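Asker: I would like the atomic coordinates for the input below:
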Amino acid sequence: MKRRLVAILAADVVGYSKLMGGDELGTLAALRNLRNELFGPTVAGNHGKIVKDMGDGWLVEFSSVNDAVNCAMRVQDQLESHDIIKLRVGVHIGDVVHEDNDVFGDGVNIAARLQELSQPGAVTISDAAHSSLDGTLSPSFDDLGVSELKNISKPIRLWSRTGVSAGASRNVFGRDGLTGDAGPPSLAVLPISTASGNEELRLLADALCDDFVTYLNASHWLAAVISEDPRNRSYTLRSSLRARGSQLRLDVQLAGQEGAPIWKGKFDGNLEGSFEWQDATAESVTSDVMGQILAAEEQRLAGKTSEQLSATECCLSASFLQVKYGVDRRQAVDKLVLAITKDPNHFYAYNMLVGEIRTLIAQGHQKEIEDLLPAFPDWVRRAKELAVPGSASELLLNWSEAQHLGNMENARAPVTAALRKYPFDASVLGLAGFVYVFLGEPEVASECFLKAERYGRYIQTAPVHRAGHAIALVEQGRYEAAIEKVSSVIREAPGLTVSYRVEAASWANLENLEMASVAINKLLELVPEETVSFIKDRNGFVENEATMRYFDGLRRAGLPA
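Answerer: I've put the predicted structure just below:
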């Protein structure tokens, strides 16, 4: 029998027998929906495989501890408000053996014991698992000390993460603001239908479904959910996945209200390269769906005058302008000012406005918004007053205030708190990445940016996050990788000034002063008064070996001191 070192996730339904005794049909229906709409897709989306289904629980195998813990935390967060089902979850890394469609070994035994000790809604992991976590996940866990586990010879240190209010981490318009406006457009992603009995196809369909919702939901202007019930949703996405031999075909249809078809697509692939096909197809479908809904919503809003727009619709319009890099960003700011004029209690309008102004300042465009800066402190104060206590938005405002004061050490605590509660929020991850870049801690910054790219591929600030990742690569001395990363950002967002700073510093550190000069000239076209000191001061960079790689490169490229 061959042993393998894997991460094992053990999950169990709390009070299963009592639930079945009280309402057998309702419990079975809830479990089926959980498996089809949440647990299965989240497992598949994190590259896991369900190796044992006990009816009231599961054993899931992962090759990566980070994937296992990501999966466990995402499932628990999304289940927090469920009316019926609560789970206990344990995760351990250890040896397992597969035999007769079952799995055995210390890895399974310890994961099962951890699950038994876990509180409802919590994730309990071993010290071995915790020591393997990246910097975006480790802040979420509390040390429970050393415990002896039943039938386990050696005591084990345990770590636990209790549930958070998952809804508060979503910054969708109107959800955590005090407004009576209708919410953003919504999308029901129906579970992808497949041929019965083909487990490999089912896993692939679940993974695709999870990717669709993850990428679409990160936009912050579209609320997407996996659901078998499309009623009361603005849009519906239906898909079917078929296989003939090793050949794959995904048929996708996007419909509006009343089922009116908007777009159809066909995507062919091969099972032998299913992982690569999954990634490419998820990106392609998401891009097409996002574009179609964006066009439909823009057309809807274009038929309204400024007087007719609600505050939420002003936020939507601003969000659409942010997506279109190259337009005057002042247009988005003006839409947000209009939103708070229409609804002085619309939290998300203030939140977007503060974020947009901070972004423009960081990019060196302070002159474009100079007339608005006297009101900026009041907008920050009002946003903090309206924020839900402990929400991701409140924590991000604290971060923004620390940056405004130019002291990034003050931002460390709120960012750690934000990562602890919202390790899957792309905005939190992206801003955390910038904090660590400004603090000269590029390894942790890269972990944050990579995860932001994974969970926020289509968020409005995605190009900014990729540019931030490129700075982290410069700080690590990985100049070729930084140039490669930032090249795609320049193609997508040619007006983003940070890209040219990264390009200039990288080429200069590679001794290619000619290419560095080209980048500096482009930067000075966009920000004529730019200097190294301005960049350091407005972002709160500390001075250490990592950050000096960036600034020395800029000086060598010819940027004034």
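
Asker: and the next element down the chain from the least confident helix or strand in the chain by mean pLDDT?
Answerer: Taking mean pLDDT, DSSP states H and E as the measure, the helix or strand of the chain with the lowest value is helix 392-404, at a mean of 71. For helix 392-404, the following helix or strand on the C-terminal side (DSSP states H and E) is helix 409-421.

Asker: so the helix or strand following that next one versus helix 409-421, what angle?
Answerer: Using DSSP H and E, the helix or strand that follows helix 409-421 in sequence is helix 426-438. Inter-element angle recorded for helix 426-438 and helix 409-421: 140 degrees (by axes from the mean of the first three to the mean of the last three CA atoms, to 10 degrees).

Asker: just checking, what packs against helix 426-438?
Answerer: For helix 426-438, the contact count by 3 or more CB pairs under 8 Å, 6 or more residues apart in numbering; DSSP states H and E identifies helix 392-404, helix 409-421, helix 442-455, helix 462-475 as packing neighbours. Every residue, glycine included, has its C-beta placed from N, CA and C.

Asker: wait, which of those is closest to Asp56?
Answerer: helix 409-421 (28.9 Å; CB to CB).

Asker: burial of the closest residue to Gly135 other than its chain neighbours, as a residue count?
Answerer: When the adjacent residues along the chain are set aside, Gly135 lies closest to Val444, with 4.1 Å between them (CB to CB, 6 or more residues apart in numbering). Counted with other CB atoms under 10 Å, the neighbours of Val444 add up to 19.

Asker: hang on, isn't Val444 packed against Ser138?
Answerer: No: the criterion here is CB atoms under 8 Å, and Val444 misses it with Ser138 at 10.0 Å.

Asker: tell me where this structure has strands.
Answerer: Under the criterion DSSP state E, the chain contains strands at 3-13, 49-53, 57-62, 87-99, 102-104, 123-126, 142-147, 156-161, 186-189, 193-194, 223-226, 235-244, 247-255, 261-270.

Asker: please identify the most buried of those strands.
Answerer: strand 123-126 (a mean of 29; mean count of other CB atoms under 10 Å).

Asker: which residues does it contact?
Answerer: The set of residues external to strand 123-126 that reach it, using CB atoms under 8 Å, 6 or more residues apart in numbering, is 69, 72-73, 76, 88-93, 110, 114-115, 117-118, 141, 144, 156-161.

Asker: check stretch 283-293 too.
Answerer: The set of residues that contact stretch 283-293 without belonging to it, under CB under 8 Å, 6+ apart, is 185, 187, 208, 211-212, 215-216, 219, 222, 235, 237, 239, 250, 252, 254, 262-263, 265, 267, 457-458.

Asker: one more time with 10 Å
Answerer: Residues external to stretch 283-293 that are found in contact with it (CB atoms under 10 Å, 6 or more residues apart in numbering): 185, 187, 189, 208, 211-216, 218-219, 221-222, 224, 234-235, 237, 239, 250, 252, 254, 256, 262-265, 267, 323, 457-458.

Asker: could you give me the buried positions within that stretch?
Answerer: Taking 16 or more other CB atoms under 10 Å as the basis for neighbour counts, the residues of stretch 283-293 that come out buried are Val285, Thr286, Asp288, Val289, Met290, Gln292, Ile293.

Asker: can you flag which of those residues belong to helices?
Answerer: Of the positions in the buried residues of stretch 283-293, Val285, Thr286, Asp288, Val289, Met290, Gln292, Ile293 sit in helices, assigned by DSSP state H.

Asker: report the separation between the last one and Leu250.
Answerer: Same thing as Ile293. Relative to Leu250, Ile293 is positioned 19 Å away (CB to CB, to the nearest Å).

Asker: also the second one?
Answerer: Note on Thr286: its distance to Leu250, by CB to CB, is 13 Å.

Asker: okay, the ones in helices among the buried residues of stretch 283-293 in CSV with distance to Glu307 and pLDDT next?
Answerer: As requested, those are exported to CSV (distance: CB to CB, whole Å; pLDDT from 0 to 100):
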residue, distance to Glu307, pLDDT
Val285, 37, 94
Thr286, 34, 91
Asp288, 34, 92
Val289, 31, 93
Met290, 29, 88
Gln292, 28, 92
Ile293, 25, 91
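
Asker: save these as JSON lines, and put in distance to Asp279 too.
Answerer: Supplementary listing: those in JSON lines, determined by distance: CB to CB, whole Å:
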{"residue": "Val285", "distance to Asp279": "11"}
{"residue": "Thr286", "distance to Asp279": "11"}
{"residue": "Asp288", "distance to Asp279": "15"}
{"residue": "Val289", "distance to Asp279": "16"}
{"residue": "Met290", "distance to Asp279": "16"}
{"residue": "Gln292", "distance to Asp279": "21"}
{"residue": "Ile293", "distance to Asp279": "22"}
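
Asker: out of these, who's nearest Ser274?
Answerer: Nearest to Ser274 out of those is Val285 (CB to CB; 15.2 Å).

Asker: from Thr42, how far off is the closest one?
Answerer: Distance from Val285 to Thr42, counting by CB to CB: 18 Å.

Asker: cool, Leu372 as well?
Answerer: Distance from Leu372 to Thr42, by CB to CB: 42 Å.

Asker: which one's more surrounded, the two?
Answerer: Thr42 (25 against 16).

Asker: how near is that one to Asn36?
Answerer: Taken as CB to CB, the spacing of Thr42 relative to Asn36 amounts to 11 Å.

Asker: tell me the spacing between Phe267 and Glu453.
Answerer: The spacing between Phe267 and Glu453, counted by CB to CB, is 22 Å.

Asker: what of Glu492?
Answerer: Counting by CB to CB, the gap from Glu492 to Glu453 is 13 Å.

Asker: and for Ala413?
Answerer: Relative to Glu453, Ala413 is positioned 25 Å away (CB to CB).

Asker: can you redo the strands of the chain as a markdown table with mean pLDDT?
Answerer: Supplementary listing: the strands of the chain in a markdown table, determined by pLDDT from 0 to 100:
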| stretch | mean pLDDT |
| --- | --- |
| strand 3-13 | 91 |
| strand 49-53 | 88 |
| strand 57-62 | 93 |
| strand 87-99 | 90 |
| strand 102-104 | 77 |
| strand 123-126 | 96 |
| strand 142-147 | 93 |
| strand 156-161 | 94 |
| strand 186-189 | 92 |
| strand 193-194 | 90 |
| strand 223-226 | 87 |
| strand 235-244 | 93 |
| strand 247-255 | 94 |
| strand 261-270 | 93 |
